[in-house]
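J.: my questions concern the predicted model and sequence given below.
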Amino acid sequence: MNPIVKSFVFHTLAGVLSGGSWLAFLFLFFPWPADESPDAPVAGKALKPIVIAHRGASGYLVEHSEGSKVLAHAQGADFIEQDVVLTKDREFIVSHDITMAETTDVETVYPDRHRNDGKWYFADFTWEEIQNLTLHERTRKDSAERAFPGRFPGGFGQRVLRLQEEIQLLQGLDRTTGRKTGLYIELKGPEFHRKEFSVSMGAELLKLLKGLELDEAKDRCFIQCFELQELVSLHKEHACKLPLVYLIGSPIAHEKLKELSSMIAGLGPSLELLATRTAEGAGLVVHPYTVRKESQPRWSQSLEQTHRVLIEQLKVDGFFSDFPDTARRAVDGT
């Protein structure tokens, strides 16, 4: 650990002991990665796959919480994912869902603010109101049952983050450690937001990133989305210079990929849907999702086998993992 990091760790620990942030303990129990930036270009072939922290280190701490992102950075993720949605006052916040009950205590804090469908939507709340909420471990839709029973239960004042805050947090960690961690931003529900606010999520995101001077290809930032039209619009109408990744959960024809290759940089298939030869034939990078300890794709019998197939056999360009530390070790062969 370099002297700057060591000083930061012990000063932060002192803050914990005097009533400061519990996040400091993360720096003590997880070895810090090397100071050198990994060989991981934003778009194009790297010498080894990039490790993308899925919603942070969400296998260990509540997804998209501050702690999850700090831990992902400490565990050596090359890129850290930010799912984003818009609030009523058009703030980008970091959340996988456009609804709130699966990951926050909104039912308790704002019991009467649901829509006629019985669901609470971030789009109905201002950023000021959302700051009153606490994150918890994900529950299944329309159920209080936890999606991953063995994971961290949450609570402890973990809050919803604005995208700008998270970016500044990661930039601060990069400065402290001498690393360069990439952003991997997913637009959630662009069509929903277009109907709600008559705005293009992609265009609004580009404005925010430009204000942070993160709108050039060199800035190690991917934008991904399941809605192809939003990616096409970013490329054609907004001259987006950042690499775009099309997320897919069903097969896509090689001819279609060839057609899209001038607009997108990569493909994000589910583990069950891996088709690297097709994507590579279209000149696209492949970043499949999501590696977890609790469950493996049909073609694998263990986490080790999943890593081996992705890294050694399919030679993917990167992959999403809920457990960045195990992914890091698998990629580095340690």
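T.: The structure has been received and is ready for your questions.
J.: mind listing the strands for the stretch 151-300 of the chain?
T.: Under the criterion DSSP state E, counting those that start in this stretch, the stretch 151-300 of the chain carries strands at the ranges 182-187, 221-225, 244-248, 266-269, 285-286.
J.: which strands and helices sit next to the last one?
T.: Strand 285-286 makes packing contacts with strand 266-269, helix 276-281 when contacts are defined by 3 or more CB pairs under 8 Å, 6 or more residues apart in numbering; DSSP states H and E. C-beta: built from backbone N, CA, C; applies to glycine.
J.: also the fourth one?
T.: Where contact means 3+ CB pairs under 8 Å, 6+ apart, strand 266-269 is packed against strand 244-248, helix 276-281, strand 285-286.
J.: strand partners of that strand, parallel vs antiparallel please.
T.: Sheet pairing for strand 266-269, assigned by DSSP bridges, gives strand 244-248 (parallel), strand 285-286 (parallel).
J.: which of those strands is buried the deepest?
T.: Across the strands paired with strand 266-269, averaging neighbours per residue (mean count of other CB atoms under 10 Å) puts strand 285-286 on top, at a mean of 25.
J.: mean confidence score for the next helix or strand after that strand?
T.: Following strand 285-286 in sequence order, the next helix or strand is helix 303-308 (DSSP states H and E). Averaged across helix 303-308, the pLDDT comes to 98.
J.: what is the subsequent helix or strand relative to helix 303-308?
T.: strand 318-321.
J.: out of the strands paired with strand 266-269, which gets nearest to Q158?
T.: Comparing the strands paired with strand 266-269 by their distance to Q158 (CB to CB), the top pick is strand 244-248, with 26.2 Å.
J.: distance between the ends of stretch 74-87?
T.: 30 Å (CA to CA, to the nearest Å).
J.: next, count neighbours for E312.
T.: 10 (other CB atoms under 10 Å).
J.: separation between it and F320?
T.: Going from E312 to F320 by CB to CB, to the nearest Å gives 18 Å.
J.: then E304?
T.: Applying CB to CB, the value for E304 to F320 is 18 Å.
J.: so the two - more neighbours on which side?
T.: Shown here are E304 and F320; by other CB under 10 Å, F320 has more neighbours (24 against 12).
J.: and the more buried one, what does it touch?
T.: F320 makes contact with 52-54, 81, 268, 287-291 under the criterion CB atoms under 8 Å, 6 or more residues apart in numbering.
J.: just for the chain, where's the confidence low?
T.: 1-46, 275 (pLDDT under 70).
J.: the same query, at a cut-off of 50, please.
T.: Along the chain, the parts satisfying pLDDT under 50 run over 1-41.
J.: export the helices and strands packed on strand 266-269 as a markdown table, with columns for distance to K188.
T.: As requested, these are exported to a markdown table (distance: least, CB to CB, whole Å):
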| stretch | distance to K188 |
| --- | --- |
| strand 244-248 | 11 |
| helix 276-281 | 23 |
| strand 285-286 | 22 |
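J.: for L133, find the nearest of those.
T.: strand 244-248 (26.8 Å).
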